[in-house]
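Peer 1: Have a look at this fold, sequence not included:
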């Protein structure tokens, strides 16, 4: 007796894995719904196998045509060259997972009879492989997609942002500056720069005074006390025509950025406080760092 429903379910989950792996390799965010939609279309082959129309999907032409439909419904409408790229990676993922599964069969199956007996409901090893791989691929895909999102940053693009430091929340706009390579020397954390020349953003007066009074930053006897109290630090930097300058930097609780309509947060960044005006037309008040979102990031619903 052949349990067709279990064989179909196994095929559906395997197709789902292939689609997710394809999206992972292509660095494309494929939703769970679209992945299952494409997998369902692919599993039609199994359903037709138990009908008089099995011959329809047995030809190579129909199988290739079906793969085109799978990719189209999974990844949506796109340019022809991109679509063909998706097709090629889809087949690569199919061979990759199929080869891995075949290798496991050779490794754990003692003889071919065991495989043929189990095939009535889908080989148990195939079930273990699929059920074990699904959470791994989904988890890895979700984390990778978050990182991939930041490769789509546009040069000289402004982003809405929120900076939380202690009990202070700063709402402003930041400019992604590809020329900003400022890092804290010890931790190597990227430094974003906030314009405190005219606005204090609710920051403590002592800290703002220290930032604006650049001449007393090194000479003032209370400077180190202020830095210690607010757990701030000096970050050395260079600007045009000047060197050996120091920038007051604090450690934000979290920094949130709105990218492509979604909010993301990171803690792997320092906030430098500048006494120099960053934008003459006040279009932005913060200079962002290209690598500020390469640490631990989280997508906010």
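Peer 2: Right, received. Where do you want to start? Bear in mind that the values here come from a model prediction, so they are computed numbers and not experimental data.
Peer 1: And what about residue 292, helix, strand or coil?
Peer 2: coil (DSSP: H, G, I helix; E, B strand; the rest coil).
Peer 1: Repeat that for residue 159.
Peer 2: At residue 159 the chain is in strand, as set by three-state DSSP.
Peer 1: shouldn't it be in contact with residue 259?
Peer 2: Yes - judged on Cβ atoms under 8 Å, residue 159 makes contact with residue 259 at a distance of 6.3 Å. All C-beta spots, glycine's among them, are computed from the backbone N, C-alpha and C.
Peer 1: Show the low-confidence segments of the stretch 101-250 of the chain, by residue range.
Peer 2: 104-105, 107-130, 134, 137-156, 214-221, 239-244 (pLDDT under 70).
Peer 1: in stretch 92-103, what counts as buried?
Peer 2: 93, 94, 97, 101 (16 or more other Cβ atoms under 10 Å).
Peer 1: To clarify, my last question referred to stretch 184-200.
Peer 2: Neighbour counts over stretch 184-200 (16+ other Cβ under 10 Å) mark 184, 189, 190, 191, 192, 193, 194, 195, 196 as buried.
Peer 1: on that earlier part again, nearest to residue 212 among the buried residues of stretch 92-103?
Peer 2: residue 93 (56.5 Å; Cβ to Cβ).
Peer 1: ok but the closest one is inside a helix, no?
Peer 2: Yes - checked against three-state DSSP, residue 93 lies within a helix.
Peer 1: In contact with it, which residues?
Peer 2: Residues in contact with residue 93 (Cβ atoms under 8 Å, 6 or more residues apart in numbering) are 18, 19, 21, 22, 25.
Peer 1: In CSV, list those residues along with pLDDT.
Peer 2: Shown next, in CSV, are the contacts of residue 93 (pLDDT from 0 to 100):
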residue, pLDDT
18, 87
19, 89
21, 83
22, 85
25, 77
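Peer 1: Got a ChimeraX select line for the buried ones in those residues?
Peer 2: Remark: buried members of these, expressed as a ChimeraX selection using 16+ other Cβ under 10 Å:
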select :18,19,21,22
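Peer 1: quick one on the thing from earlier: point out the ones among the buried residues of stretch 184-200 that are inside strands.
Peer 2: 191, 192, 193, 194, 195 (DSSP state E).
Peer 1: and which of these is nearest residue 251?
Peer 2: Relative to residue 251, the closest of these is residue 191; by Cβ to Cβ it sits at 10.7 Å.
Peer 1: Residue 249 is in contact with that closest one, correct?
Peer 2: Yes - Residue 191 is within contact range of residue 249, at 6.0 Å (criterion: Cβ under 8 Å).
Peer 1: Now do the shared contacts for those two.
Peer 2: Residues touching both residue 191 and residue 249 by Cβ under 8 Å, 6+ apart: 184, 235, 270, 271, 272.
Peer 1: which strands and helices sit next to the helix or strand encompassing the last one?
Peer 2: Using DSSP states H and E, residue 272 maps to strand 270-274. When contacts are defined as 3 or more Cβ pairs under 8 Å, 6 or more residues apart in numbering; DSSP states H and E, strand 270-274 sits against strand 191-195, helix 205-212, strand 233-239, strand 242-250.
Peer 1: And the helices in this protein?
Peer 2: 4-26, 32-42, 44-49, 60-75, 80-108, 112-118, 124-149, 205-212, 216-219, 223-229 (DSSP state H).
Peer 1: tilt between the fifth one and helix 32-42?
Peer 2: Same thing as helix 80-108. Taking axes from the mean of the first three to the mean of the last three Cα atoms, to 10 degrees, one finds helix 80-108 and helix 32-42 inclined to each other by 70 degrees.
Peer 1: Fine by me, we can end here.
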